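Novice: Return a 3D structure for these sequence lines:
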Amino acid sequence: MRRNKSLALIAIFATLFAGCGTLFAQDATNFKQLTMMKGHHKNVTSVSCSPDGKYVLSGSTDSTLIIWNPKSGARLNPLKGHNSFVECVSWSPDGTRFASGSLNGGVIIWDANSLLRVRTLKGHTFGVESICWSPDGKYLASGASDETIVIWDANSGAKLKTLEGHEKTVTSVSWSPDGNYLASASKDKTIVIWDVNSGAKIKTLTGHTKNVNTVCWSPDGKYLASGSRDKTVIVWDANSGAILQTMKGHTFGVNCVSWSPDGKYLASAAWDMSIVLWNPNNGKNLQTLKGHTFSVESLCWTPDGKYLISGAGDQTCRIWSEETEYIYIKLPFPDKKPVRDTVNTENKPENGVGGTTALEPPVRKPARDVVNTENKPENGVETEQTQIEEPAKKIIKKSIEKSESKILIKEYDQQGKLIKITEKDPDNGNSLEFTLRDGKILSAKASGSSYSDASVDKQNNTATYYNWSEIRIGFNKFGYSKIENLEWGSEDIYEYNEAGLLVRIIGSYEGFGSDEFVGCEKETTFSYDVNNQDWTKRTETQTSSCISNKTKKKKVMDTSTSTTTRTVEYW
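Specialist: The predicted model follows:
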């Protein structure tokens with residue numbers, strides 16, 4: 001009898017431990033990288049899976065889209081249609097079409113079978129950051145840097161509604177599963193839930209402390225997930241707006257979040273090059289996936305929820321799973337190759353497909369934050385360097401400075417006052433142009449594939465433009481006084497001597513990709529041939545250092561020296 005009781009107890013404990021084992025198994029995953037797909041020659045900004053799970057669509061800053069066979073890694077030739085960065089892509093729910101949005105504000109709808117463009121939609125005044133289809137595939141929503149959301153008729157191309165309410169760039173849009181609501185995220189640190197039919201705001205969610213970069217509705221429509229530059233992922237109750245979970249684990253800003261189709265997992269990806277799988281019910285970090293070598297920009301799941309696809313700044317797409325291989329059979333691509341048709345920049349039918357309604361771009365311009373910029377004294381900056389004598393008495397007409405990454409041209413009037421600054425990126429064809437009077441900014445112009453959205457704040461003597469993130473430049477009579485990256489919190493302060501020659505740049509930034517270092521600084525000092533009064537060449541000494549999070553002491557990370565060539569023209 002005692003032996004039977006012992007056996008019974010052993011059986012009970014075995015059952016309990018078996019149950020615990022199942023419970024613990026739910027709090028951990030074993031995802032691995034199965035496939036890495038290479039084809040883009042610049043950053044992959046967005047990925048989307050076809051509804052049948054057989055193909056993956058990616059968009060890139062190389063201005064192209066690529067369709068992949070994820071099992072074999074084979075791909076079609078890149079689709080060309082945009083003349084600027086492709087910021088977002090999305091496959092329609094029925095799989096017959098896909099859409100893409102670009103930095104120049106255009107949206108293209110493509111036929112998934114012929115790979116031809118159906119139509120180009122123009123309505124935003126600045127870059128399109130995010131697009132999503134309604135669950136029934138009848139409508140398309142786009143969010144943009146002009147702070148608006150546009151609802152389009154996907155069949156006719158007509159602009160049905162423009163939703164206004166955010167105070168900064170709309171970074172992400174997500175349609176609720178029932179099709180009645182739209183969630184939007186913004187750099188104004190908020191998430192807004194909209195009634196799609198009326199266009200009215202239902203509620204505004206606040207909780208993030210920095211830019212909200214992404215928002216996504218749960219498959220059952222009960223919850224929202226968001227990711228922010230504040231490094232957190234938040235799960236919200238979509239009905240009440242209450243915060244249910246705040247997940248911390250990324251060391252840099254979160255770029256994207258994506259629910260698995262069964263709602264079991266929530267995936268997030270960030271600038272720290274990692275992907276985190278979370279349990280959305282308790283906020284537990286189930287697994288951190290590493291393999292990308294640059295910021296992970298986009299995530300999507302296959303419809304069965306077994307495979308997670310990521311796109312990153314390292315120019316690759318990768319597939320992750322607990323499975324040992326990709327389950328879909330190897331499928332050939334359609335026989336038709338993508339047609340290299342001319343980009344239609346107007347809202348006109350392309351290739352004889354359908355018709356569309358001409359759209360008038362909104363008159364409204366994006367608002368600009370007014371932030372005081374403390375300019376350095378214009379009568380010279382005290383430095384520990386030996387003071388440099390004034391150059392020859394001739395008045396400089398133009399100076400040209402060339403480095404590996406840019407060309408800086410300064411032009412002066414006959415009194416020697418700076419009147420124009422032109423900064424060119426010869427590799428990418430980007431250009432900035434500023435006009436000044438007595439050290440005050442008059443106008444700003446940004447052009448090229450990655451520069452846009454230039455504006456001037458005369459009160460604070462600053463200009464702002466967009467290049468991946470918002471950049472603000474302060475001016476004085478010698479040139480730049482400060483350059484700030486408003487999204488990533490870094491800044492460069494420029495110092496000149498009394499002769500107007502640049503002698504030092506002090507830059508501050510976060511310790512990228514590391515928990516050990518914080519509060520990093522990059523200091524560049526410039527020296528000239530004072531004895532010969534030769535201003536045509538200058539030596540740059542650059543030192544990078546960070547404060548150790550452990551010892552609280554500064555550690556020099558890197559020191560380098562180079563020479564910049566300067567050309568000076570005199571009146």
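Novice: Could you count how many residues lie near the closest residue in space to Gly105 that isn't next to it in sequence?
Specialist: With C-beta to C-beta, 6 or more residues apart in numbering as the criterion, Gly105 has its nearest non-adjacent residue at 4.0 Å, and that residue is His124. Yep, even glycine has a C-beta here, placed from its N, CA and C like the rest. Residues near His124, counting by other C-beta atoms under 10 Å, number 29.
Novice: Could you measure from His124 over to Trp259?
Specialist: Separation of His124 from Trp259 (C-beta to C-beta, to the nearest Å): 27 Å.
Novice: do Ser298 as well
Specialist: Distance from Ser298 to Trp259, counting by C-beta to C-beta: 14 Å.
Novice: related to what we said a few turns ago, so what pLDDT did the residue nearest to Gly105 get?
Specialist: Among the per-residue scores, His124 holds a pLDDT of 92.
Novice: and the gap between it and Glu87?
Specialist: Computed as C-beta to C-beta, the His124 to Glu87 distance reads 11 Å.
Novice: now swap in Lys398 and tell me
Specialist: With C-beta to C-beta as the criterion, Lys398 and Glu87 are 37 Å apart.
Novice: ok, the two, which is more surrounded?
Specialist: Glu87 (26 against 14).
Novice: Quick check: can you name the pairing partners of whichever helix or strand the more buried one is part of and their directions?
Specialist: Glu87 is part of strand 86-91, with elements assigned from DSSP states H and E. Sheet pairing for strand 86-91, assigned by DSSP bridges, gives strand 97-102 (antiparallel).
Novice: Now do the partner strand: everything it contacts.
Specialist: Applying C-beta atoms under 8 Å, 6 or more residues apart in numbering, the contact partners of strand 97-102 are 48, 57, 59, 63, 65, 81-92, 107-112, 118, 127-131, 133, 137, 140, 142, 144, 154.
Novice: Among these, the buried ones, what's the ChimeraX command?
Specialist: Buried residues within the contacts of strand 97-102, by 16 or more other C-beta atoms under 10 Å, are selected in ChimeraX with:
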select :48,57,59,63,65,81,82,84,85,86,87,88,89,90,91,92,107,108,109,110,112,118,127,128,129,130,131,133,137,140,142,144,154
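Novice: first to last residue in stretch 84-103, what's the distance?
Specialist: End-to-end distance for stretch 84-103: 6 Å, by C-alpha to C-alpha, to the nearest Å.
Novice: starting at the chain centroid, how far to that stretch?
Specialist: Relative to its parent chain, stretch 84-103 has a centroid offset of 16 Å by C-alpha atoms, centre = their mean, to the nearest Å.
Novice: re earlier: filter the contacts of strand 97-102 down to the ones in strands?
Specialist: If you go by DSSP state E, these have 48, 57, 59, 65, 86-91, 107-111, 118, 128-131, 133, 140, 142, 144 in strands.
Novice: Look up how far Tyr466 lies from Ser84.
Specialist: Ser84 sits 12 Å away from Tyr466, going by C-beta to C-beta.
Novice: oh, I was asking about Thr251
Specialist: Thr251 is 25 Å from Tyr466, by C-beta to C-beta.
Novice: Comparing the two, which residue is more hemmed in?
Specialist: Neighbours were counted for Thr251 and for Tyr466 using other C-beta under 10 Å; Tyr466 has more, 22 against 17.
Novice: what helix or strand does the more buried one sit in?
Specialist: If you go by DSSP H and E, Tyr466 is part of strand 462-467.
Novice: For that strand, enumerate the helices and strands it packs against.
Specialist: When contacts are defined as 3 or more C-beta pairs under 8 Å, 6 or more residues apart in numbering; DSSP states H and E, strand 462-467 packs onto strand 430-437, strand 440-447, strand 452-457, strand 469-476.
Novice: Just say which of those is most tucked in.
Specialist: strand 469-476 (a mean of 21; mean count of other C-beta atoms under 10 Å).
Novice: any residues touching that one, and which ones?
Specialist: The set of residues external to strand 469-476 that reach it, using C-beta under 8 Å, 6+ apart, is 169, 187, 371, 373-376, 378, 434, 436, 439-441, 453, 460-465, 480-488, 496.
Novice: Now list the buried members of those.
Specialist: For the contacts of strand 469-476, buried by 16+ other C-beta under 10 Å: 169, 187, 373, 375-376, 434, 436, 439, 441, 453, 461-465, 480-488, 496.
Novice: Okay, now the unreliable bits of the stretch 351-500 of the chain?
Specialist: Along the stretch 351-500 of the chain, the parts satisfying pLDDT under 70 run over 351-394, 404, 427.
Novice: Tell me where it has strands.
Specialist: Here the stretch 351-500 of the chain has its strands, by DSSP state E, counting those that start in this stretch, at 396-402, 407-412, 418-425, 430-437, 440-447, 452-457, 462-467, 469-476, 479-485, 490-496.
Novice: got those strands as CSV, with distance to Ile149 columns?
Specialist: Formatted as CSV, the strands of the stretch 351-500 of the chain follow (distance: least, C-beta to C-beta, whole Å):
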stretch, distance to Ile149
strand 396-402, 42
strand 407-412, 38
strand 418-425, 31
strand 430-437, 28
strand 440-447, 24
strand 452-457, 17
strand 462-467, 18
strand 469-476, 19
strand 479-485, 26
strand 490-496, 29
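Novice: Among these, which comes closest to Ala242?
Specialist: Smallest distance to Ala242 across these (C-beta to C-beta): 30.6 Å, for strand 469-476.
Novice: Skipping adjacent residues, who's closest to Ser145 in space?
Specialist: Ser145 sits nearest to Phe126 (C-beta to C-beta, 6+ apart), 3.8 Å away.
Novice: Next, work out how far apart the one you found and Val257 are.
Specialist: From Phe126 to Val257 the distance is 24 Å (C-beta to C-beta).
Novice: out of the two, which sits in the more crowded spot?
Specialist: Between Phe126 and Val257, counting by other C-beta under 10 Å, Val257 is the more crowded of the two (29 against 20).
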